[in-house]
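A.B. asks: Give me the fold of what follows.
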Amino acid sequence: RAGSALGFMAATSSLQANVGNFCDKAKWGWAAARVGARIAFVVPGAARILVAALCSYEGMGEVHAEVVREADGEVLRRQHVNLTWAHRSSQHCYIDMGTTGAGAHQLLLR
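C.D. replies: Presented below is the predicted three-dimensional model:
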């Protein structure tokens, strides 16, 4: 569950809402509803972070992902991924953000 979501919606291919998670036979997750949307997830220490993002040949943008240590706000990892590709299909792209150290962290996506 997202700790904060500005401009994101929980969504499936058939269900949409402003808060909460839904799951049906379609793929579900969080979808940016506007340019500049941001979402944050609290991540415990010693956690492996792997982000699954939809890549497609149309209607996609970029994602900026950061892992931030909550204790001091230090950005530990940063990745920028273009989600548009030339293949005429839509698939998940995986972004490996590594493993967190001790203590609480945040995964920030925008």
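
A.B. asks: Show the low-confidence segments of the chain, by residue range.
C.D. replies: In the predicted model, the chain carries pLDDT under 70 at residues 1, 11-28.

A.B. asks: now do 50
C.D. replies: By pLDDT under 50, the low-scoring segments of the chain are 14-19, 22-24.

A.B. asks: now the strands for it?
C.D. replies: 4-6, 8-12, 16-17, 28-32, 38-43, 48-55, 62-69, 75-82, 91-99, 105-109 (DSSP state E).

A.B. asks: Who are the contact partners of the residue of the chain most remote from its centre?
C.D. replies: The centre of the chain is farthest from one residue, residue 88, which by Cα atoms, centre = their mean lies 22.8 Å away. Counting by Cβ atoms under 8 Å, 6 or more residues apart in numbering, residue 88 makes contact with residue 57. The C-beta positions use only the backbone N, C-alpha and C, and glycine is treated the same way.

A.B. asks: From residue 101, how far off is the nearest residue to residue 103 once chain neighbours are set aside?
C.D. replies: With sequence-adjacent residues excluded and distances taken as Cβ to Cβ, 6 or more residues apart in numbering, residue 103 is closest to residue 45, at 4.9 Å. Distance of residue 45 to residue 101, given as Cβ to Cβ, to the nearest Å: 6 Å.

A.B. asks: again, but for residue 39
C.D. replies: Using Cβ to Cβ, residue 39 is found at 22 Å from residue 101.

A.B. asks: Neighbour count for those two, which is higher?
C.D. replies: Per other Cβ atoms under 10 Å, whichever of residue 39 and residue 101 has more neighbours is residue 39, with 18 against 12.

A.B. asks: What residues does the more buried one make contact with?
C.D. replies: 2, 4, 5, 6, 8, 30, 32, 108, 109, 110.

A.B. asks: neighbours around residue 87, how many?
C.D. replies: 9.

A.B. asks: cool, residue 98 as well?
C.D. replies: 13.

A.B. asks: my guess is it meets residue 65, correct?
C.D. replies: No - assessed by Cβ atoms under 8 Å, residue 98 is found out of contact with residue 65, at 10.8 Å.
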